[in-house]
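Enquirer: Following is a predicted model, sequence given first.
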Amino acid sequence: MIDQTWKNFLAIAQHELGSRAVDTWFKAIELVRWDARQKIVYLRAPNNFVQEWVNSHYMTIFHVHLARLFGVDAVSILFLDRSVSEAAIVPARLVPTEQEFDSQKSQPMHTTYQFDTFVVGPSNSLSYAAAQAVTEKPGLVYNPLFLYGHSGLGKTHLLHAIGNSIKQRFKKFTVLYQPADRFVNEFIHAIRHDKVDVFKEKYKKIDVLLIDDIQFMAHKDQTQEAFFHVFNALYESSKQIVCSSDTYPRDLRGIAERLRSRLEWGLVTDMQVPTFEEKVAIVKRKAVMAGHELTNDVAEFIAQQTINNVRELEGSFIRVCACACLTKQAITVSLAQKVLARPVLLAHKKPITFDVVVGLVAKQYGYSVTDLRSPARNKNIAFARHVAMFLMKRLTDRSLQDIGTFLRRSDHTTVTHAIDKVEQLIVHDQTLHNTITAIEKQVRRL
């Protein structure tokens, strides 16, 4: 049963993320056991690097789809040590509901995300310096600290680095790293189970709160109200607050004005696209950490690819290294060219354009491209526009800002919201899932 469930999960993940992510990360993971009584999924990763990468980037997908495939509301996911056999697994103790929130406060930071593993350059030097300053006097300088920039530029790395450093300096401090979507889910759970008091009590005890991707609280009024009170309580107690987002606080759509103003009380720093020299340095640093020797020409070739996202840059490097290890070849420019060119060549014969994607979506829903690019906010037109944004992001390598500009939307956060909405809908709406799949096939046939 679990073998087929895992195959189904990989198929869903490939549909959502593409074969590149699944082949690189998901297929390296083994589903060891499903504990139906306690709703625990036991996984095994080939090494700590893969485990931490999956934990950092893909756990939402694991939680959502494995819960659905196993037919339960939610699952817990545990990674086993590679030396532990399935037979040796001892059933985990059930955690009482009253302790559920308290048990999360000591969630460990990702140990690979340290200040000394972060490549500093002109694009991020202010954010880096501010993050280090916070660790020296938590709650006393730059409180709150707000980091913003496009996805994949290192915000999460710095949040974890702050947490790791403070835990080393101040042993008794309670440090909590919390992605905004997890904060939302935790608050919803508290409401459903009449545990709001437990929820509030947990956050009162925190010395350092690190909230990642706060834009995901947009349009969630009750959650924002809860966070507003958490923020005030911690700030008044001189507890350190650090938040990240993909945009400047005052430009956060769907976030209450009083909360946006508080996010600007301290220091706001931006993280920009890395320069070519920074990208070369990042590739070389990753090579050293992975125990590989990398020549300058290989590092420069990888950095020269049209990659403005550090996360994608790291992914490109890892694919090259993985291919070299699996085929027992030296890491050369020719190997890097072969590995990095392959996904593009296999995906389609010619580049997919926005015009093609939007044209097919408009046709599917009975509108014109002009309708989708118009200011009209009719519910049906808006939905078709959201589907177009979702497919434009999935089928091209263009930025959210490019997508917004093409559809004449002034803020790329509108695009983020649309993509998130469609991603949530296709999980439960089979008709929409089939429609999007059909449009995608049409695009790829052209």
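Expert: Received it, and whenever you're ready, just let me know what you need.

Enquirer: From here on, just use CA atoms for contacts and neighbour counts.
Expert: OK.

Enquirer: domains of this structure?
Expert: Per the record, the chain has its domains at 2-85, 115-270, 276-347, 354-445, by automatic domain parsing.

Enquirer: Export the ones you listed as TSV, with columns for mean neighbour count.
Expert: Converted to TSV, the domains of the chain look like this (neighbours: other Cα atoms under 10 Å):
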stretch	mean neighbour count
domain 2-85	15
domain 115-270	19
domain 276-347	16
domain 354-445	17
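
Enquirer: Could you dump these into TSV with mean pLDDT added?
Expert: What follows is those, written out as TSV (pLDDT from 0 to 100):
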stretch	mean pLDDT
domain 2-85	81
domain 115-270	92
domain 276-347	78
domain 354-445	86
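
Enquirer: Secondary structure element holding I241?
Expert: strand 240-245 (DSSP states H and E).

Enquirer: Does L313 touch A303 like I think?
Expert: Yes. Between L313 and A303 there is a contact at 7.3 Å, judged by Cα atoms under 8 Å.

Enquirer: okay, and the common contacts of the two?
Expert: Residues touching both L313 and A303 (Cα atoms under 8 Å, 6 or more residues apart in numbering): 279, 283.

Enquirer: May I ask which helix or strand encompasses V422?
Expert: helix 412-428.

Enquirer: ok, residues contacting that helix?
Expert: Residues contacting helix 412-428 (Cα under 8 Å, 6+ apart): 246-247, 252-253, 386-387, 389-390, 400-401, 403-404, 432-433.

Enquirer: Tell me the one of those residues nearest F70?
Expert: If you rank the contacts of helix 412-428 by distance to F70 using Cα to Cα, H433 comes first, at 19.8 Å.

Enquirer: how far away is the closest residue in space to the closest one that isn't next to it in sequence from L69?
Expert: Distances taken as Cα to Cα, 6 or more residues apart in numbering place I426 nearest to H433, at 5.0 Å, with adjacent residues excluded. Look at I426 and L69: by Cα to Cα, to the nearest Å, they are 15 Å apart.

Enquirer: G121 now?
Expert: Counting by Cα to Cα, the gap from G121 to L69 is 44 Å.

Enquirer: With E30 instead?
Expert: E30 is 16 Å from L69, by Cα to Cα.

Enquirer: Same check on V273?
Expert: 38 Å.

Enquirer: Name the helix or strand for the closest residue to F79 other than its chain neighbours, please.
Expert: Spatially, and ignoring its direct neighbours in sequence, F79 is nearest to L43 (4.8 Å; Cα to Cα, 6+ apart). Following DSSP H and E, one finds L43 within strand 40-44.

Enquirer: And the contacts of that strand?
Expert: 29-35, 75-82.

Enquirer: With stretch 223-239 instead?
Expert: By Cα under 8 Å, 6+ apart, stretch 223-239 touches 138-140, 143-144, 184, 187-188, 200, 203-204, 206-209, 217, 240-241, 255-256, 259.

Enquirer: Using PDB, write down the CA coordinates of that stretch.
Expert: Once non-C-alpha atoms are left out, stretch 223-239 reads as follows in PDB (Å, rounded to 0.1, in the frame of the first residue of the first chain):
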ATOM      1  CA  THR A 223      -4.800  35.600  12.100                       C
ATOM      2  CA  GLN A 224      -3.500  39.100  11.600                       C
ATOM      3  CA  GLU A 225      -5.400  40.200  14.700                       C
ATOM      4  CA  ALA A 226      -3.800  37.400  16.700                       C
ATOM      5  CA  PHE A 227      -0.300  38.300  15.300                       C
ATOM      6  CA  PHE A 228      -1.000  42.000  16.100                       C
ATOM      7  CA  HIS A 229      -1.400  41.200  19.800                       C
ATOM      8  CA  VAL A 230       1.500  38.800  19.800                       C
ATOM      9  CA  PHE A 231       3.700  41.500  18.200                       C
ATOM     10  CA  ASN A 232       2.600  44.100  20.800                       C
ATOM     11  CA  ALA A 233       3.100  41.800  23.700                       C
ATOM     12  CA  LEU A 234       6.600  40.900  22.600                       C
ATOM     13  CA  TYR A 235       7.600  44.400  21.600                       C
ATOM     14  CA  GLU A 236       6.500  45.900  24.900                       C
ATOM     15  CA  SER A 237       8.600  43.200  26.700                       C
ATOM     16  CA  SER A 238      11.700  44.100  24.600                       C
ATOM     17  CA  LYS A 239      11.600  40.700  22.900                       C
END
